[in-house]
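please find the sequence and the predicted model below.
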Amino acid sequence: MNEMSFLLQVRDLAVARGGFPVLSGLSFAVAPGQALVLRGPNGSGKTTVLRCLAGLQAPLAGEVLCAPDAVAYAAHADGLKATLTALENLRFWAGIYGIDDGEAAVARALGAFELDGLQSRLAGNLSAGQKRRLGLARLLVTGRPLWVLDEPTVSLDAASVALFATAVRAHLARGGAAVMATHIDLGLDAEVLDVSDLRATAAGLTLGSGFDGGFDEAFL
Ligand SMILES: Nc1ncnc2c1ncn2[C@@H]1O[C@H](COP(=O)(O)OP(=O)(O)OP(=O)(O)O)[C@@H](O)[C@H]1O
């Protein structure tokens, strides 16, 4: 496969968090239609890698090659406005991403995550699992090909996990791709990349030009 056919290429990536190197030597590529699952124990750096892929922090070393505006990121937080209804949240995000068929995409997103009956409820009044479903439905109104997902199934019951897996499968079938950290098996035909052995040692890495020094959080 030539280089241009990948949606994402990661080369010899090292990342830091809170001023400390976390993980180094990570390389992989993701093509349209592919899903990649990052595995590793708590604290091994999966979230930090995903933040880097989403552009929220710079690599400490290495490269992340990806088209501008390709990534839709779903973090631990659901990214919802509590005082807007479920429908208004999706319309808000469709407007932010400026997709052409906004209203149709919003309707599809509500349907895909079985949120039609909840569309008039304030997001702040949804249950944890319903909030998560709405946060994931947001992906469908971004129009972005590369989904970067951090523990997407937290708070979801089995039926909702199945809805999510269906949405990912449909995204892949449309030529999208996904990179996700998850501890559960979604039943997807996904490659698994274990980052356990990539732990950075303080001796092996220093904080260089890619590290901006301090604040590394963001409101999403
Ligand atoms: N703001 C911060 N300041 C200092 N250290 C941090 C900060 N945020 C995370 N870390 C540390 O960075 C390391 C990597 O964290 P990260 O969240 O990337 O791991 P993870 O593999 O996603 O873990 P989990 O499976 O528990 O979600 C951990 O040791 C964590 O304690």
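Structure received. Residues are numbered from 1 along each chain as shown.

just the helices from the chain, written as ranges.
With DSSP state H as the criterion, the chain has helices at 46-53, 86-97, 102-112, 128-137, 158-173.

can I get the CA coordinates of the first one in CSV?
Coordinates of each C-alpha in helix 46-53 appear next as CSV, following Å, rounded to 0.1, in the frame of the first residue of the first chain:
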residue,chain,number,x,y,z
LYS,A,46,-3.0,5.0,25.8
THR,A,47,-4.8,8.2,26.6
THR,A,48,-1.7,10.3,26.1
VAL,A,49,-1.1,8.7,22.6
LEU,A,50,-4.8,9.4,21.7
ARG,A,51,-4.5,13.0,22.8
CYS,A,52,-1.4,13.3,20.6
LEU,A,53,-3.3,11.9,17.6
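
before we move on, the earlier item: so which of the helices of the chain is the most surrounded?
Stretch with highest mean neighbour count among the helices of the chain: helix 46-53 (a mean of 24; mean count of other CB atoms under 10 Å). For glycine as for every other residue, the C-beta is placed from the backbone atoms N, C-alpha and C.

can you list the neighbours in contact with it?
Applying CB atoms under 8 Å, 6 or more residues apart in numbering, the external contacts of helix 46-53 come out as 8, 10, 13, 15-17, 22-23, 26, 38-40, 57-59, 64, 66, 71, 73, 75-76, 148-150, 179-181, 195, 216.

quick check, it touching the ligand?
Yes. On the criterion CB under 6 Å from any ligand atom, helix 46-53 is in touch with the ligand at 46-48.

burial of the residue in the chain that the ligand sits nearest to, as a residue count?
At 2.0 Å from the ligand, Gly18 is the closest residue in the chain, using CB to the nearest ligand atom. Gly18 is flanked by 9 other residues according to other CB atoms under 10 Å.

up against the ligand, what does the chain have?
Close to the ligand, as judged by CB under 6 Å from any ligand atom, the chain has residues 17-18, 22, 40, 42-48, 181.

take these and keep only those in strands.
Secondary structure from DSSP state E places 17, 22, 181 of the residues of the chain next to the ligand in strands.

the last one against Asp150, yeah?
Yes. With contact defined as CB atoms under 8 Å, Ala181 reaches Asp150; the gap is 5.3 Å.

where does this protein dip in pLDDT?
Counting by pLDDT under 70, the chain has low-confidence residues at 1-4, 202-220.

alright, calling it a day.
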